[in-house]
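> any chance you can model this:
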Amino acid sequence: QVQLVESGGGSVQAGGSLRLSCVASGRTASAYDMGWFRQAPGKEREFVSFFTRSSGGGPVYADSVKGRFTISRDNDRNTVALQMNSLKPEDTAIYYCAARASYYVSRNPNEYDAWGQGTQVTVSS
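Numbering: from 1, shown residues only. Presented below is the predicted three-dimensional model:
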């Protein structure tokens with residue numbers, strides 16, 4: 001079992017930056033790969049990014065955030081961070097950290113094993 005706690009988020013103007021962090025805890029936390037999803041009001045939960053430790057793997061991004069967001073992982077601390085630059089109003093959503101006991105990336109939220117509580121990101125125009 002793994003528990004996820006997010007931090008960061010907040011409100012910024014368009015073009016600004018925010019950084020989200022997620023800490024995984026639990027006896028088997030190091031066995032999980034982690035990523036981020038987001039959910040805007042009235043919309044389905046949407047894949048944002050995932051960091052896979054598989055051989056030849058690394059970061060994977062949704063097309064909507066590629067070039068603006070950067071995911072990183074600190075294996076010693078079992079943390080994953082999402083640096084969000086050049087934010088747009090359409091990035092406004094609740095952002096969720098998600099963990100998966102598999103190195104293979106999945107864009108399907110139903111294939112993740114644990115979720116954080118979510119953190120609000122609001123981008124004003």
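> and the spatially most central residue of the chain, how far from Ser125?
In the chain, the centroid-proximal residue (Cα atoms, centre = their mean) is Trp36; its distance is 2.0 Å. Here Trp36 is placed at a distance of 23 Å from Ser125 (Cβ to Cβ, to the nearest Å). C-beta here means a position set from N, CA and C on the backbone, and glycine is covered the same way.
> re earlier: quickly find the element holding the residue nearest to the centre of the chain.
Secondary-structure assignment from DSSP states H and E places Trp36 in strand 33-39.
> quick one: that strand to chain centroid distance?
Using Cα atoms, centre = their mean, to the nearest Å, we find the averaged C-alpha position of strand 33-39 to lie 3 Å away from the chain's own average C-alpha position.
> which residues touch that strand?
Around strand 33-39, the neighbours that count as contacts under Cβ atoms under 8 Å, 6 or more residues apart in numbering are 4, 20, 22, 24, 45-53, 60, 71, 73, 80, 82, 91, 93-103, 105, 109, 112, 118, 121.
> next, the buried residues of that strand.
Taking 16 or more other Cβ atoms under 10 Å as the basis for neighbour counts, the residues of strand 33-39 that come out buried are Asp33, Met34, Gly35, Trp36, Phe37, Arg38.
> mean confidence for that strand?
Mean pLDDT, taken over the full extent of strand 33-39, equals 96.
> cool, stretch 103-112 as well?
The predicted confidence, averaged over stretch 103-112, sits at 93.
> in that stretch, what counts as buried?
Residues of stretch 103-112 classed as buried under the neighbour-count rule (16+ other Cβ under 10 Å) are Val105, Ser106, Tyr112.
> the residue nearest to the last one when sequence neighbours are not counted sits in which helix or strand?
Same thing as Tyr112. Beyond its immediate neighbours in the sequence, the residue positioned closest to Tyr112 (Cβ to Cβ, 6 or more residues apart in numbering) is Ala98, lying 4.2 Å away. For Ala98, the enclosing helix or strand under DSSP H and E is strand 93-100.
> ok, back up a step: in a markdown table: the buried residues of strand 33-39, plus distance to Ser11.
Shown next, in a markdown table, are the buried residues of strand 33-39 (distance: Cβ to Cβ, whole Å):
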| residue | distance to Ser11 |
| --- | --- |
| Asp33 | 30 |
| Met34 | 25 |
| Gly35 | 24 |
| Trp36 | 18 |
| Phe37 | 20 |
| Arg38 | 15 |
